[in-house]
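Student: Give me coordinates for this.
(chains A and B)
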Number of protein chains: 2
Amino acid sequence: MFMSEPDLKEIVLWLKGLQDRITANIARLDGHAFVEDAWEREEGGGGRSRLLRNGGLVEKGGVNFSHVHGPVPEFLKKESPDASRFDAAGVSLVIHPHSPHVPLIHMNVRYFETDAGDCWFGGGIDLTPAYPDEAQVRWFHQQLKTVCDRFNAGWHPQFKTWCDDYFTIAHRNEMRGVGGIFYDHLRPGVAADRATLFAFMQAVGDAFNEIYSYMVEQNRDKSWTEAEKTWQKIRRGRYAEFNLVYDRGTTFGLKTNGRVESILMSLPPEAVWEYNHQPAIGTPEAKALGFYQPQHWV
Amino acid sequence: MFMSEPDLKEIVLWLKGLQDRITANIARLDGHAFVEDAWEREEGGGGRSRLLRNGGLVEKGGVNFSHVHGPVPEFLKKESPDASRFDAAGVSLVIHPHSPHVPLIHMNVRYFETDAGDCWFGGGIDLTPAYPDEAQVRWFHQQLKTVCDRFNAGWHPQFKTWCDDYFTIAHRNEMRGVGGIFYDHLRPGVAADRATLFAFMQAVGDAFNEIYSYMVEQNRDKSWTEAEKTWQKIRRGRYAEFNLVYDRGTTFGLKTNGRVESILMSLPPEAVWEYNHQPAIGTPEAKALGFYQPQHWV
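Tutor: Take a look at the predicted model:
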């Protein structure tokens, strides 16, 4: 295994701590605790899935840690042709709140290494508000820019565009939400040195609690109507479409014998599909659609 | 274009009539009429989508006719390397009833031809009951066997197995429902002569009304609980998973600029995803799961 500092063990320990800090903060906001489901992977490794269902704030939320290892699967052979074994560790979360006014949020930070000495970091945060508030969307992107700018002034524009591209529902020509940042295959010695890439992973992961606390506090006291709840469910349908048709983590996981329940924890508690749904001009729902296209927020 | 009898024009006319007969019968069962949405395809052709939403029986149902033509798209070049233009015509339907005791049903009959003289028929019917009734499942498969046996005694075993394989949600190792028949690429002169293949398409299409009327009449008067409705929504979630991850018509259509709203008309009105949902042993839901594996029904 890779012997540079920080080593895999240190990264894994940090990831577990991140899961602890995030679930503690969401549980505090929600008033209910997560339920943990520990699992093992036949080929090696395992994870801790943590779920919060029907809480005070969260309708369905999953915060997963996993560290899996074993023989290199087919898809990794392209990335690392000389490798025979790999390790992959990460934290991945999706929070579906009850309120259509509190945004759905996703975050993931992950690390791969192989026994051929290859390794890379990936991750990102993106926001999916059913009713986007422009000031909040700008604030959200500014937080991510601030995190990136501490490392490299070129990263935010690059990772923001990557996110816009990645989270696009191509068949609808719209993003699933308002984007954020997305990055992958950041290799030590190429993108930055190893310690810097780990520090960046930590900065992204550690930004989550402040960002989501703010989003919750800004919106949780707004009341909502049945019609607003239905719009949220329609947007959740789009979210499910994206995850099942395009998301590489999901489709790859499903087709390579990943742990189905952890992979699909991201799917919404309830989703709605209406035929040819088009909000009337001038409504908040029509305004929301305008946010789901790439644009400069900071 | 292909000049054999029956020609494309005759097939298209018959398909339109099939859509009329099926929507008339479902409207009769439901007490409400379908709403038609006619559309045109930029590259050539178009369709008539018919939707019934929140009827007396149907929560969401779509019965689509389409006849599209134009330059051969990439995927067809593999099938017909010498072709430059193609026609595709078909009727496709999915009915999501309100009641968890009335099965969800899907049917499709379709015909392709190219200007290189190549052509083929495809189609099938499959049933997705949330609460399968063994006698009804056997009756359903017997109806399809009777249809197939009028043409070729080898077809039912072949098309039944094809259906079991096709409608499997691989990552869950379960079928989306109880199967039926599925067939594709039946070419005149190979599978049977052209008139016979058209007659088979007609027999499958014309079998639909009797089959679904029976399923509705057997089950529509049963009352249901909220818990049964939730189980139906969980099974609809599996249905959405299948359609978005595996169904070739859906994924191909979405990735090749098909008409999104007609393609995704198949998606459920409301679907639910519960983390690691496992019905308790001995419950009707646990019994239902036993039906979603390939088995001999006739």
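
Student: Please name the bridge partners of the residue nearest to A:Arg187 when sequence neighbours are not counted.
Tutor: Counting by CB to CB, 6 or more residues apart in numbering or on different chains, A:Arg187 lies nearest to A:Trp120, which is 4.8 Å off, once chain neighbours are set aside. Just so you know, the C-beta spots here come from the backbone N, C-alpha and C atoms, and that holds for glycine as well. Note on A:Trp120: beta-bridge partners by DSSP bridges are A:Phe112.

Student: show me what contacts A:Trp120?
Tutor: A:Tyr111, A:Phe112, A:Glu113, A:Asp184, A:His185, A:Leu186, A:Arg187 (CB atoms under 8 Å, 6 or more residues apart in numbering or on different chains).

Student: just A:Pro100 next, same as before
Tutor: Taking CB under 8 Å, 6+ apart as the test, what A:Pro100 contacts is A:Ala130, A:Tyr131, A:Trp224, A:Glu228, A:Lys229, A:Trp231, A:Gln232.

Student: quick check, nearest of those residues to chain B?
Tutor: Using CB to the nearest CB, A:Lys229 is the member of the contacts of A:Pro100 that sits closest to chain B, with 11.6 Å.

Student: Just to be sure, the closest one is in a helix?
Tutor: Yes. Under DSSP: H, G, I helix; E, B strand; the rest coil, A:Lys229 falls within a helix.

Student: tell me the pLDDT at the spatially closest residue to it that is not a sequence neighbour?
Tutor: In space, and not counting its chain neighbours, A:Lys229 is closest to A:Pro100: 5.6 Å by CB to CB, 6+ apart. Per-residue pLDDT puts A:Pro100 at 98.

Student: Just say helix, strand or coil for A:Pro100.
Tutor: Reduced to three states with three-state DSSP, the structure at A:Pro100 is coil.

Student: How about the one 5 residues further on?
Tutor: The three-state label given to A:Ile105 by three-state DSSP is strand.

Student: cool, and A:Val63?
Tutor: Following three-state DSSP, A:Val63 is assigned to strand.

Student: Which helix or which strand is home to the closest residue in space to it that isn't next to it in sequence?
Tutor: In space, and not counting its chain neighbours, A:Val63 is closest to A:Leu93: 4.2 Å by CB to CB, 6+ apart. Assigned by DSSP states H and E, A:Leu93 belongs to strand A:85-97.

Student: same check, this time on A:Ala199
Tutor: Using DSSP H and E, A:Ala199 sits in helix A:194-219.

Student: any idea of the angle that helix forms with strand A:85-97?
Tutor: On the basis of axes from the mean of the first three to the mean of the last three CA atoms, to 10 degrees, helix A:194-219 is oriented at 10 degrees to strand A:85-97.

Student: Now do the same for helix A:194-219: mean pLDDT, whole number.
Tutor: Rounded mean pLDDT across helix A:194-219 is 98.

Student: just checking, what packs against that helix?
Tutor: Where contact means 3 or more CB pairs under 8 Å, 6 or more residues apart in numbering or on different chains; DSSP states H and E, helix A:194-219 is packed against helix A:8-30, strand A:85-97, strand A:104-114, strand A:119-128, helix A:134-149, strand A:179-186.

Student: and the ones you listed as CSV, adding distance to B:Asn257 and mean pLDDT?
Tutor: Rendered in CSV, the data for the helices and strands packed on helix A:194-219 read as follows (distance: least, CB to CB, whole Å; pLDDT from 0 to 100):
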stretch, distance to B:Asn257, mean pLDDT
helix A:8-30, 40, 98
strand A:85-97, 29, 96
strand A:104-114, 28, 96
strand A:119-128, 25, 97
helix A:134-149, 30, 98
strand A:179-186, 24, 97
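
Student: With distance to B:His171 as added columns, please give those in a markdown table.
Tutor: A markdown table is the format used below for the helices and strands packed on helix A:194-219 (distance: least, CB to CB, whole Å):
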| stretch | distance to B:His171 |
| --- | --- |
| helix A:8-30 | 24 |
| strand A:85-97 | 17 |
| strand A:104-114 | 20 |
| strand A:119-128 | 22 |
| helix A:134-149 | 32 |
| strand A:179-186 | 23 |
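
Student: quick one on the thing from earlier: between which two of the contacts of A:Trp120 is the distance greatest?
Tutor: A:Glu113 and A:Asp184 (14.5 Å; CB to CB).

Student: neighbour-wise, which of the two wins?
Tutor: Between A:Glu113 and A:Asp184, counting by other CB atoms under 10 Å in any protein chain shown, A:Glu113 is the more crowded of the two (25 against 15).

Student: isn't the more buried one right up against A:Cys119?
Tutor: Yes. Assessed by CB atoms under 8 Å, A:Glu113 is found in contact with A:Cys119 at 3.7 Å.

Student: Compute the distance between the residue most central in space within chain A and chain B, please.
Tutor: Residue closest to the mean C-alpha point of chain A, counted by CA atoms, centre = their mean, is A:Met107 at 2.6 Å. A:Met107 sits 18 Å away from chain B when distances are taken as CB to the nearest CB, to the nearest Å.

Student: Before I go, just wanted to say thanks for your time.
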